[in-house]
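Asker: quick one, what's the 3D model for this:
(one chain, ligands or ions: 1)
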Amino acid sequence: MDIRAQKTFEALFALEDVREMLRQSLPGSTGPTDMDGFNEQIRHIRSVIDDLEAGTGVPEITKIGGTLGIRSREEEYVNIQPIQAAGRLTPEARKALIAYGDGYSTCDSCRKPFRLDKISKPPIADFHQELAAFLNMDTARVVPGARRGFQAVTSSLVKPGDTVIVSSLAHYTEFLAVEGAGGVVKEVPLNENNIITADAVADRIEDVTAETGKLPALIMIDHFDYQLANEHDVSGIGKVARQYDIPFLYNGAYTVGVMPVDGKKIGADFIVGSGHKSMASPAPSGVLATTDEWADVVFRTTQMTGDLTNRKFGVKEVEMLGCTLMGSTLMAMIASFPTVKERTQKWDEELKKSNFLMDKLLEIEGSAVLSEYPRKHALSKVDTTGSFDVVAEKHKRRGFFFSDELTKRGIVGEFAGATRAWKLSTYGLSWEKINYLADSLQDIAEKYEIKVNRDKL
Ligand SMILES: Cc1ncc(COP(=O)(O)O)c(C=O)c1O
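Answerer: Residues are numbered from 1 along each chain as shown. Reported below is the predicted structural model:
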């Protein structure tokens, strides 16, 4: 986040304090009236605005951010945390969080037909249409996390005893979604390069059908998996799904919001994305998009009538439990969306950074990239058993020596103590930070007499 955004953010926090003080001073309030505190905050806001205009006050901001509990890790450090990178909020999202913090704040102007995705002020209905268009699907809903998207689909399509085809690297939430519906997972094996191919999916469908006498109810495959972030052949799998007439759920937890995703081109019946993982949105948020063919099934409306009262809630969608993200979570997602849309067009640059760092890591003798290489994603799994872990074995801090060295250099986000196989993400880091990171890894290696073949590649 740039410093102006931080400053604005800080002023907003101070304004919230002022608002609370004013609220407490209203007639009938039992709260104390703190005029000194009030004046202090006003002076503070004035000074923040002055700083903003003058472009100064950087160290002070960090300090204030700390006391307010703002997590400013990405501002102060080079953060390589593997799963948070693309979920970090934009400044616009942070402001929306404050402005819409009250629980049902999106419902102020909810009018007939009384459903979240129909609200036009703020423009939630438009956002739903934009989301569907962004994924080249017909209809979209926001959901509390990708997992709730899986759940909506399995609970609509999978009957007790049905089988569901998943990857051998499927996320655990896919297992739970299938189990919740009473289904059974059937995993597709990886090939020698740790990839799920279309042929492997077809073979598994044949096996399962022969075994159970019935076609699987659903195919659910992650475009990039969470363990290695390898790319799986989702377009080929989409074709196989069509051939067997089995609905196909594309898990875009690691793609929707960072790279272009075209549901129709892939041949997906359902696209699921994670807001807090890849769409610069707060948790829990996500998206479930589908085609006209499936919309009435997965977004079916209630048919229930109260037996005593005869009440009906006709427009409410059963799988969505009526409405989903009702306040600041959704508004922050909407606030980040223009940035998110734009950044998907810069995916190639993210890949260059990812590959550059891996190349530099490979120059450190004894290091390996466990993910497919060259990288097709910013998330990677690396193995430093033959490099940093050799040092760890002799070092008095054991595996923590590596984290100590990284922290000293302002690099955070690795799992402390993990010097063998570990994951990192370069997503969103500037080239300046990438270069610094590469140099730091090589410097640490050389400090401990690990050979570095600089500029080998
Ligand atoms: C591949 C994959 N799918 C799904 C999920 C679940 O996403 P969410 O937290 O949005 O429910 C994750 C989360 O880590 C994931 O890595």
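
Asker: near the ligand, which residues of this protein?
Answerer: 83, 145-147, 171, 173, 222, 226, 251, 253-254, 274, 276-277, 286 (CB under 6 Å from any ligand atom). For the C-beta atoms, the positions are set from N, CA and C on the backbone; glycine is no exception.

Asker: repeat that for 8 Å
Answerer: Proximity of the chain to the ligand (CB under 8 Å from any ligand atom) is limited to residues 83, 144-150, 170-171, 173-174, 222, 224-226, 251, 253-254, 272, 274-277, 283-286.

Asker: nearest to the ligand: which residue in the stretch 301-450 of the chain?
Answerer: Across the stretch 301-450 of the chain, the shortest distance to the ligand (CB to the nearest ligand atom) belongs to residue 379, at 9.3 Å.

Asker: grab the nearest non-local neighbour of that residue.
Answerer: residue 229 (3.9 Å; CB to CB, 6 or more residues apart in numbering).

Asker: the one you found against residue 370, yeah?
Answerer: No - Residue 229 is not in contact with residue 370 according to CB atoms under 8 Å; the separation is 10.1 Å.

Asker: can you list the domain ranges for this protein.
Answerer: 3-76, 105-326, 345-447 (automatic domain parsing).

Asker: single out the most deeply packed of the ones you listed.
Answerer: domain 105-326 (a mean of 20; mean count of other CB atoms under 10 Å).

Asker: between residue 229 and residue 370, what contacts are shared?
Answerer: Counting by CB atoms under 8 Å, 6 or more residues apart in numbering, the contacts common to residue 229 and residue 370 are 380-381.

Asker: where along the stretch 201-350 of the chain do the helices fall?
Answerer: Per DSSP state H, counting those that start in this stretch, the stretch 201-350 of the chain carries helices over the ranges 234-244, 263-266, 275-278, 292-298, 328-343, 347-362.

Asker: make that the stretch 351-457 of the chain, sorry
Answerer: Under DSSP H, counting those that start in this stretch, the stretch 351-457 of the chain gives helices at 388-394, 400-408, 431-447.

Asker: in a markdown table: the ones you listed, plus mean pLDDT and distance to residue 421.
Answerer: Listed next are the helices of the stretch 351-457 of the chain as a markdown table, based on pLDDT from 0 to 100; distance: least, CB to CB, whole Å:
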| stretch | mean pLDDT | distance to residue 421 |
| --- | --- | --- |
| helix 388-394 | 93 | 9 |
| helix 400-408 | 93 | 13 |
| helix 431-447 | 96 | 16 |
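
Asker: right, and those - which one's nearest residue 139?
Answerer: For residue 139, the closest of those is helix 431-447, at 38.7 Å, according to CB to CB.

Asker: now the closest one: how far from the chain's centre is it?
Answerer: Helix 431-447 sits 27 Å away from the centroid of its parent chain (CA atoms, centre = their mean, to the nearest Å).

Asker: cool, and stretch 166-185?
Answerer: The answer for stretch 166-185 is 20 Å, by CA atoms, centre = their mean.

Asker: need the contact partners of that stretch.
Answerer: Under CB under 8 Å, 6+ apart, the answer for stretch 166-185 is 145-147, 150-151, 153-155, 157-164, 186-190, 194, 196, 217-218, 220-222, 225-228, 230, 232, 251, 253.

Asker: export the helices of the stretch 201-350 of the chain as a markdown table, with columns for distance to residue 125 and mean pLDDT.
Answerer: Below are the helices of the stretch 201-350 of the chain laid out as a markdown table (distance: least, CB to CB, whole Å; pLDDT from 0 to 100):
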| stretch | distance to residue 125 | mean pLDDT |
| --- | --- | --- |
| helix 234-244 | 29 | 98 |
| helix 263-266 | 20 | 98 |
| helix 275-278 | 18 | 98 |
| helix 292-298 | 15 | 98 |
| helix 328-343 | 11 | 97 |
| helix 347-362 | 29 | 98 |
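
Asker: now render those as JSON lines, adding distance to residue 129.
Answerer: Shown next, in JSON lines, are the helices of the stretch 201-350 of the chain (distance: least, CB to CB, whole Å):
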{"stretch": "helix 234-244", "distance to residue 129": "23"}
{"stretch": "helix 263-266", "distance to residue 129": "14"}
{"stretch": "helix 275-278", "distance to residue 129": "17"}
{"stretch": "helix 292-298", "distance to residue 129": "13"}
{"stretch": "helix 328-343", "distance to residue 129": "12"}
{"stretch": "helix 347-362", "distance to residue 129": "24"}
